[in-house]
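Student: Sequence below, structure please.
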Amino acid sequence: MSQYMVSMNLLKADPLLDIGQLSDIVTQKILPSLDALKNLQSQGKVIAGGHPVGQRYVVLFMEAESEDEVREVLGELPLSELGEMQVTELKSFEELQDPGKSARRGLIP
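Tutor: Residues are numbered from 1 along each chain as shown. As a prediction, this is how the structure comes out:
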């Protein structure tokens, strides 16, 4: 299983929106997504994550079989409607030390 770093840029959650629109976004998109992300974390899918203070994006680290799985799981969150998602696969420290390890791992039945 691979690990992925994900950033979700919340372009549509502009703090300059009128208070009614911003309130709707928080109650209908952000809060339900936070509950879902906490559930994913308790299931071991989300390793860690959070909201960088003062920024309009969320960062999380996930474990999944593929980038497609990451996009599928996070695409179901209401939060995904607020902007764009960037998914980057991470190489483990062990793989960086021994680049042939990931190739050999694929050969082991």
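Student: Can you give me every residue that contacts residue 81?
Tutor: Counting by Cβ atoms under 8 Å, 6 or more residues apart in numbering, residue 81 touches 12, 29. Yep, even glycine has a C-beta here, placed from its N, CA and C like the rest.
Student: let's see it at 10 Å
Tutor: 10, 12, 25, 28, 29, 33, 75 (Cβ atoms under 10 Å, 6 or more residues apart in numbering).
Student: For this protein, which segments count as helices?
Tutor: 19-25, 31-42, 67-75, 93-97, 100-107 (DSSP state H).
Student: And the contacts of residue 81, which is closest to residue 2?
Tutor: residue 75 (17.9 Å; Cβ to Cβ).
Student: I figured that closest one hits residue 67, correct?
Tutor: No: the pair residue 75 / residue 67 is not scored as a contact, 11.7 Å apart, by Cβ atoms under 10 Å.
Student: Between the two, which is the more surrounded one?
Tutor: residue 67 (15 against 12; other Cβ atoms under 10 Å).
Student: From what I see, that one and residue 3 are in contact.
Tutor: No: the pair residue 67 / residue 3 is not scored as a contact, 11.2 Å apart, by Cβ under 10 Å.
Student: circling back: include distance to residue 56 and mean pLDDT when you put the helices of the chain into JSON lines, please.
Tutor: Shown next, in JSON lines, are these (distance: least, Cβ to Cβ, whole Å; pLDDT from 0 to 100):
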{"stretch": "helix 19-25", "distance to residue 56": "12", "mean pLDDT": "83"}
{"stretch": "helix 31-42", "distance to residue 56": "14", "mean pLDDT": "94"}
{"stretch": "helix 67-75", "distance to residue 56": "17", "mean pLDDT": "96"}
{"stretch": "helix 93-97", "distance to residue 56": "31", "mean pLDDT": "87"}
{"stretch": "helix 100-107", "distance to residue 56": "35", "mean pLDDT": "58"}
